[in-house]
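Student: missing the sequence, but the structure's below:
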C-alpha cells in the first residue's frame, strides 16, 4: 500500500495545513449546533494523527482510525512527542468497515478522505457507520475536494515532493464524465545510496454537494451546511474545498 511507504513524507506534503484553525472551526460548529459539551471524539482517516492530537490537546478523548499501519505508527510517535502516548486510541481499520467499543459524541474526517470513497455504496457504508456510532445530535464534520479542485488543481497536472532522501511524484488524470481522478503515484525511496521505485494508482471521486447532502439525509443526518472556509462562507461546487457539518438524528426508542 503506497500510503504505508509515503507515510514519512505525508506531513511534509501537508505542511501548509493549519490544524489549529481547523480545530477552531470544529469547536465552533459543536458550540453552535449542540447543547452538550462533547467528550468522546472520532477521527476517521486520521493519518499521522495531526488533527487527532490537536483535538486531544483541547481536552477530547480521541480515537483515530486509519487503514495504514505505517501512518498509525507515525501517529503513535507524534502522540508520544506531544505527551499523549497513552491518551489516544488508534485503530487500524477501513472507514467503511470500522468497529468501535461504543458511541462517540462527535466525528471528524479531514483532508478529503471522503473523496477516496470512489463509489456511492462506499460512501453510504461510511455515513451509515458514523451515524451508528454517534450519539443523538452528535456532529459529523468533514471536508471534500469539490469540482473546482478536480478541474483546476488536479486536472491533468504533475506534482513532485523531494525531501532530500525520498522523492514522490504523482501524475493526475481527471475523467470529468465519470468524476474520477486517477493519481499515478511513483515513489523513489533511498536505501544505502540506491533508490528503489514503487508505483501505485490511487483514485478520488468528485462528489457534488447535492449528492453529499442527499446521502447524509439517507443515512439519518440533518445537513447543517457546507462552507468554503473557516469563516462560514457558503460553499458551492465550484469551490476547491467544502467543510461540511451534519447532525446525527435518531428516533427515540419506545
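Tutor: That came through fine. Quantities reported herein were computed from a predicted structural model and do not represent experimental measurements. Numbers count the residues shown, from 1 in each chain.

Student: secondary structure element for the nearest residue in space to residue 230 that is not next to it in sequence?
Tutor: Leaving out its chain neighbours, the residue that sits closest to residue 230 by CB to CB, 6 or more residues apart in numbering is residue 25, at 4.2 Å. Where C-beta positions appear, they are placed from N, C-alpha and C, glycine not excepted. Residue 25 belongs to helix 19-33 when assigned by DSSP states H and E.

Student: give me the buried positions along that helix.
Tutor: Under the neighbour-count criterion of 16 or more other CB atoms under 10 Å, helix 19-33 has 19, 22-23, 25-27, 29-30, 33 buried.

Student: quick one: which of these is nearest residue 92?
Tutor: The nearest member of the buried residues of helix 19-33 to residue 92, counting by CB to CB, is residue 19 at 21.8 Å.

Student: doesn't residue 52 make contact with that closest one?
Tutor: No. Taking contacts as CB atoms under 8 Å, residue 19 lies outside contact range of residue 52: 9.7 Å.

Student: residues shared between the contacts of these two?
Tutor: When contacts are counted by CB atoms under 8 Å, 6 or more residues apart in numbering, residue 19 and residue 52 have no shared neighbour.

Student: just confirm residue 150 is within a strand.
Tutor: No. Under DSSP: H, G, I helix; E, B strand; the rest coil, residue 150 sits outside any strand and is assigned helix.

Student: ok, it to residue 20 distance?
Tutor: 28 Å (CB to CB, to the nearest Å).

Student: for the residue nearest the centre of the chain, which non-adjacent residue is closest in space?
Tutor: In the chain, the centroid-proximal residue (CA atoms, centre = their mean) is residue 110; its distance is 2.9 Å. The shortest distance from residue 110 to any non-neighbouring residue, by CB to CB, 6+ apart, is to residue 51 (5.0 Å).

Student: quick one: that neighbour is in a strand?
Tutor: No. Read with three-state DSSP, residue 51 is helix and lies in no strand.

Student: how much space is there between it and residue 89?
Tutor: Residue 51 is 15 Å from residue 89, where distance means CB to CB.

Student: more neighbours: which of the two?
Tutor: A direct count of neighbours by other CB atoms under 10 Å for residue 51 and residue 89 places residue 51 higher, at 24 against 14.

Student: right, and the more buried one touches residue 107 too?
Tutor: No. If you go by CB under 8 Å, residue 51 and residue 107 don't touch, sitting 11.6 Å apart.

Student: need the residues touching each of these two.
Tutor: residue 43.

Student: and residue 233, how many neighbours?
Tutor: For residue 233, the count of nearby residues is 11 (other CB under 10 Å).

Student: just the pLDDT at it, thanks.
Tutor: The model reports residue 233 with a pLDDT of 98.

Student: before we move on, back to that, thought the residue nearest to residue 230 was touching residue 233?
Tutor: No. If you go by CB under 8 Å, residue 25 and residue 233 don't touch, sitting 11.8 Å apart.

Student: ranges for the strands of the stretch 51-200 of the chain?
Tutor: For the stretch 51-200 of the chain, the strands defined by DSSP state E, counting those that start in this stretch cover 61-66, 89-92, 104-109, 134-145, 158-162, 167-175, 180-191, 194-205.

Student: could I get those as TSV with distance to residue 42?
Tutor: Output for those, formatted as TSV (distance: least, CB to CB, whole Å):
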stretch	distance to residue 42
strand 61-66	5
strand 89-92	10
strand 104-109	4
strand 134-145	8
strand 158-162	29
strand 167-175	29
strand 180-191	27
strand 194-205	22
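
Student: closest one to residue 77 among those strands?
Tutor: Closest approach to residue 77 among those (CB to CB): strand 89-92, 11.2 Å.

Student: wait, residue 108 touches residue 143, no?
Tutor: No. Using CB under 8 Å, residue 108 is not in contact with residue 143; the gap is 9.1 Å.
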